[in-house]
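1. 3D, please:
(chains A and B)
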Amino acid sequence: MTLDPAYLDYPHRQQGMDHDLYPWSNLFTRPPIAWDDGKRVLTWIVVDLEWFPITPEDKPFRAPGHMQTAYPDYRHYTARDYGSRVGIYRLLDAAEKVGARISVAANGAIAQRYPELIRDIVAGGHEIIAHSTDMNGTIATGIVEDAERALIAGSLDAIEAASGTRPTGWLSIARSQSFDTPRLLAQAGLTYMCDWVNDDLPYAMQTGAGRILNLPLNHELSDRQILTVQQQSVDSYVEQMQDAFHWLDGEAKTHGGRMLPLNVTPYIMGLPYRIAAFERLLSWLAAQDAHGFARGDAIARQVS
Amino acid sequence: MREGAADPGLYPYSPYRGRPKIAWPDGKKVAVWISPNLEFYELDPPANPHRKSWAKPHPDVVGYSHRDYANRVGHWRMAEMMEKHGFKGSVSLSVALCQHVPEVVANANELGWEFFSHGIYNTRYSYGMDEAQERAIIEDSIRTVRDATGQTIKGWLAPALTHTPRTLDLIAEYGLTYTCDLYHDDQPGPVSVAKGRLISMPYSLEVNDHYGFFIYNMSPRDYAETLIRQYDRLAEEGEASGTVMCIPLHSYLIGQPHRIGAFERVLEHIVADGRAWITRSGDIADHYLTHYYDAAEAQGA
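-> Modelled structure (predicted):
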């Protein structure tokens, strides 16, 4: 058997990237960023607030954390619901204790189902990031462009209706995009997205519909990755965030402002046996020199 | 439940902040109940098309005999430890254990433990049952436990956590008052059923010994530390409104010699702390139904 000769064509074999979304850039030779008030490191807390229908869909793919057993999967449906009834309030209280303003990436369905929760979040001074419609609203190559456009609009509309504010940020489920996603997000008027994990600082992408920022929400630093996938303890999670902070703070002294993304999940970090460790982490961060907590929209504004 | 709907309609939304206050007896802050799963697994069960019983071709010698350790060794070690520290079990019972190993059931009954049903066997799943079949396992459960212990079951934990869309309606119709199958909260609350009154009893998968040892791969001491943290947090939050902590156990796991000692420290911690209402699931359900169910139901919480 012989491969199609086209397999040996390399049309993008050139200096730089194999696409036009953004150019290559070296973090350490970029102009330094100066955060407001002389902060060296800004911690960006992003809480994923998600609603999982008990009727999962596998097109284009089943979201991480979705139903796992035969129907009706009460086990996972209700354990996820725990996050939006109980866990989210533990996380909001933890943020409040240190005066942190955070970003909450909410499914549109959360806004439609629990508008009082959205009001509690906004009343605390926090930002809502659009996070698709519900956990069946996954995006990947193959999704029809009009369907993806409708999914983005539906998410933004639902959150605006509950919060009174149209989100400026977007997080896809599992950070999964189609080739059209950056353009459709820019077209929808969004300022930034959180899906690409190729940097430690925000950078701009150019799309057919204009510019959109990417704020890197490092998946490796998420509670899902460290606690659920890698099965490390919450104490180890805290140590890893402290180590990340120390390293970024060291770089910030010579290379300009850095940001530490903390991506947490109410049904994972909001459990009784884990939340105290997370509260300790926030207190520790709050006590560090030249450190601040910032919402995603505030970080985006400072780099624009 | 609303069959086929994205939201099964099990209960109304009630945010943790600003709920009516729950007060437990004697000013206690957290109701602690231990739920030993007293189970029987069959060596060669018939196949359910929705789920295999054993990972390996039958007989799955290690899988089967590991669980059988519970009824030969683990139960006795675990039960003695609980009794020593004043904890009564609320048993999630494979009711066929009443036939297979009545000695274990009799021992639990003599210790004053409560029984609720965990199906006939933990190798028989509810998936795919029709209504008559499901009624049969509920009626069998009520009858079998009553004959063996004199107790009338009040609660249900579906066998191997397998359900049908009818399960909650049916157990409420038969007069059961609580389900341990819903994991959405740290406090009890009304469950929407066709007739009768049913509440959700906070159970836990997260601090279940099976999850601790085989999902999270914790060491025995890490698991004990997790339980202590769970307790400390729920006791603290219980100052505002009474919480529930369930410790679900399998004696073939917690009753192993390398784990039982670490577990004893948890019981000592809870007893010494003093904020716990150390009780049984049915007593929590009775207290909630008497004092809080009507108000919660009325405000759609």
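2. For chain B, give me the ranges with low pLDDT.
-> Scanning chain B for pLDDT under 70 picks out the ranges B:301.
3. same thing with the stretch 101-250 of chain A?
-> Using pLDDT under 70, the stretch 101-250 of chain A has no residue that qualifies.
4. At which residues are the helices of the stretch 201-301 of chain B located?
-> For the stretch 201-301 of chain B, the helices defined by DSSP state H, counting those that start in this stretch occupy B:209-210, B:220-237, B:251-254, B:260-273, B:281-291, B:293-298.
5. Residue A:70: neighbour count?
-> 17 (other C-beta atoms under 10 Å in any protein chain shown). Placement of C-beta: from N, CA and C, glycine included.
6. what does residue B:29 give?
-> 22.
7. Please name the nearest non-neighbouring residue to it.
-> Leaving aside its chain neighbours, residue B:29 sits nearest to residue B:238 (3.1 Å; criterion: C-beta to C-beta, 6 or more residues apart in numbering or on different chains).
8. and if you look at residue B:99?
-> The nearest residue in space to residue B:99 (C-beta to C-beta, 6+ apart) is residue B:144, at 7.8 Å.
9. can you give me the offset of whichever helix or strand that neighbour is part of from its chain's centre?
-> Assignment of secondary structure by DSSP states H and E places residue B:144 within helix B:131-149. Taking C-alpha atoms, centre = their mean, to the nearest Å, one finds helix B:131-149 lying 17 Å from the centre of the chain it belongs to.
10. what does the stretch 51-200 of chain A put close to chain B?
-> Within the stretch 51-200 of chain A, the positions adjacent to chain B are A:53-55, A:69-70, A:72, A:74-75, A:77-79, A:81-82, A:84-86, A:89-90, A:113-114, A:116-117, A:120, A:134, A:136 by C-beta under 8 Å from any C-beta of the partner chain.
11. Would you write a ChimeraX line that selects the buried entries of the residues you listed?
-> Burial among these is assessed by 16 or more other C-beta atoms under 10 Å in any protein chain shown; the matching ChimeraX selection reads:
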select /A:53,54,55,69,70,72,74,75,77,78,79,81,82,84,85,86,89,90,113,114,117,120,134,136
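12. show me where chain A has strands.
-> Using DSSP state E, the strands of chain A run over A:41-49, A:103-106, A:127-130, A:169-170, A:192-193, A:203-207, A:210-214, A:258-264, A:291-293.
13. Quick one: list the elements packing against the fifth one.
-> Helices and strands in packing contact with strand A:192-193 are listed as strand A:169-170, helix A:181-187, strand A:210-214, helix A:296-303; criterion 3 or more C-beta pairs under 8 Å, 6 or more residues apart in numbering or on different chains; DSSP states H and E.
14. before we move on, what about the last one?
-> Under the contact definition 3+ C-beta pairs under 8 Å, 6+ apart, strand A:291-293 sits against strand A:41-49, helix A:272-286.
15. Now do the longest one: which elements does it pack against?
-> When you say that, I think you mean helix A:272-286. Packed next to helix A:272-286, using 3+ C-beta pairs under 8 Å, 6+ apart, are helix A:88-97, helix A:234-255, helix A:266-269, strand A:291-293, helix B:220-237.
16. so which residue of the stretch 51-200 of chain A comes closest to chain B?
-> Taking C-beta to the nearest C-beta as the measure, the stretch 51-200 of chain A has residue A:53 as its residue closest to chain B, at 3.4 Å.
17. okay but that residue is in contact with residue A:133, surely?
-> No: using C-beta atoms under 8 Å, residue A:53 is not in contact with residue A:133; the gap is 10.2 Å.
18. shared neighbours, those two?
-> Counting by C-beta atoms under 8 Å, 6 or more residues apart in numbering or on different chains, residue A:53 and residue A:133 have no contacts in common.
19. can you list the residues of the stretch 201-304 of chain A near chain B?
-> So the stretch 201-304 of chain A meets chain B at A:231, A:233, A:271-276 (C-beta under 8 Å from any C-beta).
20. quick one: contacts for residue B:35?
-> Residue B:35 makes contact with B:89-92, B:157, B:180, B:203, B:246-249, B:281, according to C-beta under 8 Å, 6+ apart.
21. Any of the residues of the stretch 201-304 of chain A next to chain B buried? List them.
-> Buried, going by 16+ other C-beta under 10 Å: A:233, A:271-276, out of those.
22. of all those, which two lie farthest apart?
-> For these, the farthest-apart pair by C-beta to C-beta is A:233 and A:272; their separation is 15.2 Å.
23. so who does residue A:190 touch?
-> A:130, A:156, A:167-170, A:212.
24. Filter those down to the buried ones, PyMOL style.
-> Applying 16+ other C-beta under 10 Å to these, the buried members can be selected in PyMOL as follows:
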select buried, chain A and resi 130+156+167+168+169+170+212
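25. Redo the contacts of residue A:190 as TSV? Include distance to residue A:15.
-> Output for the contacts of residue A:190, formatted as TSV (distance: C-beta to C-beta, whole Å):
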residue	distance to residue A:15
A:130	36
A:156	38
A:167	37
A:168	34
A:169	32
A:170	31
A:212	24
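26. Let me know the closest of the contacts of residue A:190 to residue B:82.
-> Of all the contacts of residue A:190, residue B:82 sits closest to residue A:130, with 49.5 Å by C-beta to C-beta.
27. hang on, the earlier thing: so for chain A, which of the helices of the stretch 201-301 of chain B sits nearest?
-> helix B:220-237 (3.8 Å).
28. The closest one and chain A in contact?
-> Yes: remark: helix B:220-237 sits within contact range of chain A at B:222, B:226-227, B:229-230, B:232-234, B:237, by C-beta under 8 Å from any C-beta.
29. Need these in a markdown table (columns: distance to residue A:219 and neighbour count).
-> Putting those into a markdown table (distance: C-beta to C-beta, whole Å; neighbours: other C-beta atoms under 10 Å in any protein chain shown) gives the following:
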| residue | distance to residue A:219 | neighbour count |
| --- | --- | --- |
| B:222 | 25 | 16 |
| B:226 | 25 | 23 |
| B:227 | 30 | 24 |
| B:229 | 26 | 19 |
| B:230 | 27 | 24 |
| B:232 | 31 | 18 |
| B:233 | 27 | 22 |
| B:234 | 31 | 24 |
| B:237 | 31 | 21 |
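30. Let me know the closest of the contacts of residue B:35 to residue B:109.
-> Checking those against residue B:109 with C-beta to C-beta, the nearest one is residue B:91 at 9.1 Å.
31. what element comes up after the helix or strand where that closest one lies heading to the C-terminus?
-> Assigned by DSSP H and E, residue B:91 falls within strand B:90-93. Next helix or strand after strand B:90-93 toward the C-terminus (DSSP H and E): helix B:97-100.
32. for that following helix, packing partners?
-> With contacts defined as 3+ C-beta pairs under 8 Å, 6+ apart, helix B:97-100 has these neighbours: helix B:102-110, helix B:131-149.
33. Give me the distance from the first one to the chain's centre.
-> Put plainly, it is helix B:102-110. Worked out by C-alpha atoms, centre = their mean, helix B:102-110 lies 18 Å from the chain centre.
34. pull the CA atoms of that helix into PDB?
-> C-alpha atoms of helix B:102-110 as PDB (Å, rounded to 0.1, in the frame of the first residue of the first chain):
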ATOM      1  CA  PRO B 102     -27.900 -14.400  58.700                       C
ATOM      2  CA  GLU B 103     -25.200 -14.300  61.400                       C
ATOM      3  CA  VAL B 104     -24.000 -10.900  60.100                       C
ATOM      4  CA  VAL B 105     -27.500  -9.500  59.800                       C
ATOM      5  CA  ALA B 106     -28.400 -10.800  63.300                       C
ATOM      6  CA  ASN B 107     -25.200  -9.200  64.700                       C
ATOM      7  CA  ALA B 108     -26.000  -5.900  63.200                       C
ATOM      8  CA  ASN B 109     -29.600  -6.100  64.500                       C
ATOM      9  CA  GLU B 110     -28.500  -6.900  68.000                       C
END
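35. That one: which residues count as buried?
-> B:104-105, B:107-109.
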